[in-house]
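Asker: Task: produce atomic coordinates for the following.
(chains A and B)
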2 protein chains.
Amino acid sequence: MSTQKVFFSMGVSLDGFSAGPHASPQNPMGDGGGPKLHKWLFAQEAFRKNGGFGEGGETGKDNEIAKMKLFRAGAGIMGDNMFKEGEIAWPPNVPFHHHIFVLTTKQRDPVEYPGGTTFHFVTDGIESALKQAKEAAGGKDVQIHGGANTIQQYLNAGLVDEFMVDYAPVFLGKGSIALFENINPNIKVKIVETVASQDVTHVTYAVEAQ
Amino acid sequence: MSTQKVFFSMGVSLDGFSAGPHASPQNPMGDGGGPKLHKWLFAQEAFRKNGGFGEGGETGKDNEIAKMKLFRAGAGIMGDNMFKEGEIAWPPNVPFHHHIFVLTTKQRDPVEYPGGTTFHFVTDGIESALKQAKEAAGGKDVQIHGGANTIQQYLNAGLVDEFMVDYAPVFLGKGSIALFENINPNIKVKIVETVASQDVTHVTYAVEAQ
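Answerer: Now for the predicted structure:
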């Protein structure tokens, strides 16, 4: 049996959202959403260094979680919207450093960025993308990077083993994007670990076998 | 300055709901919602004893939180729907043991239950109900018991000082009742304390002055 896990790690507001209202490729985190929801993450040394945002940053337990979020996976999957947002928003050195399989409807050639990130475009569904990501991960875990809709598809298909929610103490309000919309209530999970911090509460959940 | 606080304490699912789908006075916690969302609470000694559900139960840190939920307040406030649900669902010895002010549109005489719970019916709004509850609380704190709509009204009016969310590792799914629907994103909160447990993550938030 493979020990390779499929996971995601997402920030969520008190009202259950992963991005503020009016999110678009030009405004990927939505109005007011990003700075508030990811405030803890932006302060971490690992995040700053990886994104090329400069020296310094926090080096405590939140930084360990940031490292997990950034470096645990050997390959990733993302939705078409997140890729479109990223093409505009990511720094030149795209921060993933692995193969990413983008769920889309239009075939195109792979795109390679500096820093070791290559995007592959998958048009034959979520199971195909996962199979390719597992093969590309070199024995490491596979991360579903997002967005919310892609995560919902993988969760509802029973294809996620584990996930981390970073509960941020903010309300994003009406019109925001719900992280866990229309999840099948038969998906059973249990708490694996909670890490409490000053500005965020990190909880790891395992999905039980279907 | 008064040290009397206004608080609420609610369970929420991973998908942000405080009751399952098809909630009604005959089905107050909604389909599948109650047993899953409040599983940790039902197992506590304080909850079992207070509700007349028999001896035994857990006596650890979750039980301390159950005691806070049950006994911290000197008076309470609830919405009309929750009262209607309770009239059907509560055990004979109604579990509040204090004066409760019910937000409603139809004046009626107070109703007194065994065990020291008296319901008063308030037709002139949430601020009037809060004023009356503060006076009735004998210097103790005031609890907004729910439901979700009542909590939303008090939060958006800037009348809540502190709240506890019990994050349960369950999905309730489509059609459930969102705890924090349409909260004004200008309501600022900070984390006060996190208590991690096996089946639930308790986080206390303070609302910052408006």
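Asker: What helix or strand is A:A206 located in?
Answerer: Assessed by DSSP states H and E, A:A206 sits inside strand A:201-207.
Asker: avg pLDDT for that strand?
Answerer: Regarding strand A:201-207, the rounded mean pLDDT is 98.
Asker: Same question for stretch A:131-146.
Answerer: 97.
Asker: and A:D80, how many neighbours?
Answerer: Using other C-beta atoms under 10 Å in any protein chain shown, A:D80 has 17 neighbouring residues. (Glycine included, C-beta is placed from N, CA and C.)
Asker: Please tell me the pLDDT value assigned to it.
Answerer: 95.
Asker: can you tell me which residues contact it?
Answerer: Neighbour list for A:D80: A:V102, A:L103, A:T104, A:T105 [criterion: C-beta atoms under 8 Å, 6 or more residues apart in numbering or on different chains].
Asker: Is it correct that the third one is in contact with A:V122?
Answerer: Yes: with contact defined as C-beta atoms under 8 Å, A:T104 and A:V122 form a contacting pair (6.9 Å).
Asker: Name every strand pairing with the strand holding A:A206 and say which way it goes.
Answerer: According to DSSP bridges, strand A:201-207 forms sheet pairs with strand A:162-167 (antiparallel), strand A:189-196 (antiparallel).
Asker: what's the most buried one of these?
Answerer: Burial of the strands paired with strand A:201-207 is given as mean neighbour count (mean count of other C-beta atoms under 10 Å in any protein chain shown); strand A:162-167 ranks first at a mean of 21.
Asker: Next to chain B, which bits of chain A? Give me the list.
Answerer: Residues of chain A lying close to chain B by C-beta under 8 Å from any C-beta of the partner chain are A:14-16, A:20, A:32, A:165, A:167, A:169-174, A:178-185, A:187-191, A:193-194, A:196-201, A:203, A:205.
Asker: Let's verify the spatially most central residue of chain A: helix, strand, or coil?
Answerer: Compute the mean C-alpha point of chain A, and by C-alpha atoms, centre = their mean the closest residue is A:H145, 3.0 Å away. Put simply, A:H145 is strand when judged by DSSP: H, G, I helix; E, B strand; the rest coil.
Asker: who's in contact with it?
Answerer: Applying C-beta under 8 Å, 6+ apart, the residues near A:H145 are A:F8, A:G76, A:I77, A:M78, A:M82, A:F96, A:I100.
Asker: These in strands, which ones?
Answerer: Residues of the contacts of A:H145 located in strands (DSSP state E): A:F8, A:G76, A:I77, A:M78, A:I100.
Asker: Ranking by neighbours, what's the top pick from the contacts of A:D80?
Answerer: Neighbour counts for these, by other C-beta under 10 Å, peak at A:V102, which reaches 25 neighbours.
Asker: buried residues in the helix or strand bottoming out on mean pLDDT in chain A?
Answerer: Lowest mean confidence among the helices and strands of chain A (mean pLDDT, DSSP states H and E): helix A:33-37, at a mean of 80. By neighbour count on 16 or more other C-beta atoms under 10 Å in any protein chain shown, the buried set for helix A:33-37 is A:G33, A:G34, A:K36, A:L37.
Asker: Tell me the predicted confidence for A:P91.
Answerer: 81.
Asker: excluding its backbone neighbours, what's nearest it?
Answerer: A:G52 (5.0 Å; C-beta to C-beta, 6 or more residues apart in numbering or on different chains).
Asker: Also A:I88?
Answerer: For A:I88, ignoring the flanking residues on the chain, the nearest one in space by C-beta to C-beta, 6+ apart is A:P25 at 5.5 Å.
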